[in-house]
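got a sequence here, can you build the structure:
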Amino acid sequence: IINSIPKEIIDGNKWYASSTQTLASAISELEGVTFRSTGNNIQLPIIHGLSGNRILILNNGLKHGFQNWGMDHAPEIDISAIDKVTVLKGAAGVQYGPEALGGVLITETDPLHLRAPFKLRLGTGYQTNGKGSFMNYKMGHGLKNWSYHLGANYTTIGDRHSPNYILTNTGKDEKSINGGFRYSFNDWDLRIYYSYINQHLALLRSSVAHSGNAFIRAINSPEPIIVNSFSYSINQPNQLIHHYLGSAELVWNYSEKEKLTFKIGRQINKRKEFDVRRNINRPIIDLDLSTSDYQLDWKHPSWLRLNGIIGLQIFAQNNDNNPGTGTTPFIPNYNSLRYSGFIIEKFIFKNNTFEAGIR
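Predicted structure coming up:
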């Protein structure tokens with residue numbers, strides 16, 4: 001059967017031993033997928049030339065709520081916690097909203113299988129460029145009616161270097177924890193998930209120019225204007241991000257091929273950006289973004305040889321500038337509330353699959 005949905009899947013085990021890289025660089029091996037970099041620490045995924053608000057990132061079934069309005073804002077996702085990544089395009093993107101124009105990037109953690117043996121995995125690694133290292137662990141167990149998993153990661157990287165000089169202030173410090181719980185009873189299935197990630201990301205010091213002449217001098221210089229000795233310190237300019245995510249999903253499998261799914265999620269994204277200025281300890285951007293997500297999906301029985309999903313969604317987001325930056329807010333405060341419904345149907349005729357969606 002020819003499937004009408006372009007879909008590619010990457011097993012997260014491929015990068016478990018090299019979790020110092022970003023999500024965007026980890027999936028760039030897929031056809032049509034590249035990434036855009038602002039230094040070594042900030043990389044945005046690009047699918048067939050589209051990025052930013054044209055690419056939807058789902059983090060455990062929820063739209064990842066982060067500040068994606070700039071080139072220097074990467075999704076705060078710990079790749080060591082990912083079990084599988086799916087890149088999805090086509091009519092199925094209707095299910096996920098207008099941001100899925102270019103494609104959908106779906107990240108999934110431990111599937112929480114029942115009746116699974118106890119597992120424990122420890123990982124550590126070292127990279128010469130930046131003298132970076134990481135440590136992480138995963139553990140989990142599945143019993144008859146319930147299962148769980150726990151994980152954590154710590155990554156630290158110092159100043160990177162080119163063959164001839166140090167790239168001053170290009171380090172990274174990242175900490176994360178995650179956990180999931182599943183309980184199954186009769187035809188009902190309950191899953192709860194929580195994750196937290198803290199990132200402190202440095203930006204190349206020489207990327208900041210205070211005047212037009214300084215900018216011209218930096219462009220014409222054969223090497224960065226500021227080159228200091230190697231350090232793990234993260235100085236200005238830099239970004240400090242905290243991202244919290246919690247979700248709960250209840251599934252009613254009332255028959256073998258039909259089910260009803262209700263999901264609720266809450267995310268809080270705190271971002272501070274520091275620039276080179278007199279008050280170096282005062283951020284120039286200080287934003288709190290809260291996101292709430294409610295989803296109800298019905299996988300209905302076959303109607304006139306049509307198989308598909310009908311769903312309703314409520315999505316709310318509040319963005320607030322915290323006072324005390326001493327600068328004019330770059331992004332205004334805003335509140336958004338969106339109600340939506342969708343239908344996706346698939347029809348199989350001989351050796352062809354036809355799919356259509358409306359939202």
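
surely residue 269 touches residue 318?
No: counting by C-beta atoms under 8 Å, residue 269 stays clear of residue 318, with 10.8 Å between them. Glycine gets a C-beta too; all of them are placed from N, C-alpha and C.

hey, what's in contact with both of these two?
Listed as contacting both residue 269 and residue 318 by C-beta atoms under 8 Å, 6 or more residues apart in numbering are 289-290.

how about the strands in the stretch 1-150 of the chain?
Assigned by DSSP state E, counting those that start in this stretch, the stretch 1-150 of the chain shows strands spanning 7-11, 33-38, 42-47, 55-59, 62-63, 84-88, 103-108, 119-127, 132-142, 146-157.

shaky segments in the protein?
Residues of the chain that meet the criterion pLDDT under 70 lie in 1-6, 16-18, 90-94.

what does the longest helix along it rub up against?
Ordering each helix of the chain by length in residues (DSSP state H) puts helix 212-220 first. Applying C-beta under 8 Å, 6+ apart, the contact partners of helix 212-220 are 206, 209, 224-225.

pull the most distant pair out of these.
209 and 224 (11.3 Å; C-beta to C-beta).

okay, the two: which has more neighbours?
residue 224 (18 against 15; other C-beta atoms under 10 Å).

from residue 52, how far out is that one?
28 Å (C-beta to C-beta, to the nearest Å).

go on, residue 312?
For residue 312, the distance to residue 52 - C-beta to C-beta - is 27 Å.

what comes up buried for stretch 319-326?
319, 321, 325 (16 or more other C-beta atoms under 10 Å).

quick one: the strands in the stretch 251-359 of the chain?
259-274, 285-299, 306-321, 334-349, 352-358.

with distance to residue 28 added, can I get those in CSV?
As requested, the strands of the stretch 251-359 of the chain are arranged in CSV below (distance: least, C-beta to C-beta, whole Å):
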stretch, distance to residue 28
strand 259-274, 24
strand 285-299, 26
strand 306-321, 28
strand 334-349, 28
strand 352-358, 27
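
can you pull the contacts of residue 224?
Residue 224 neighbours (C-beta under 8 Å, 6+ apart): 165, 167-168, 204-206, 218.

can you tell me how far the closest residue to residue 347 other than its chain neighbours is from residue 262?
Distances taken as C-beta to C-beta, 6 or more residues apart in numbering place residue 354 nearest to residue 347, at 4.7 Å, with adjacent residues excluded. Residue 354 sits 29 Å away from residue 262, going by C-beta to C-beta.

could you give the number of residues near residue 135?
Residue 135 has 15 neighbours, counted by other C-beta under 10 Å.

then residue 128?
Residue 128: 7 surrounding residues under other C-beta under 10 Å.

distance of it relative to residue 158?
The gap separating residue 128 from residue 158 is 11 Å, by C-beta to C-beta.

same question for residue 303.
Residue 303 is 60 Å from residue 158, by C-beta to C-beta.

the two: which has the busier surroundings?
Neighbour count, other C-beta under 10 Å: between residue 303 and residue 158, residue 158 has more, with 21 against 9.

OK, contacts around that one?
Contacts for residue 158 (C-beta under 8 Å, 6+ apart) come out as 130-132, 171, 230-232.
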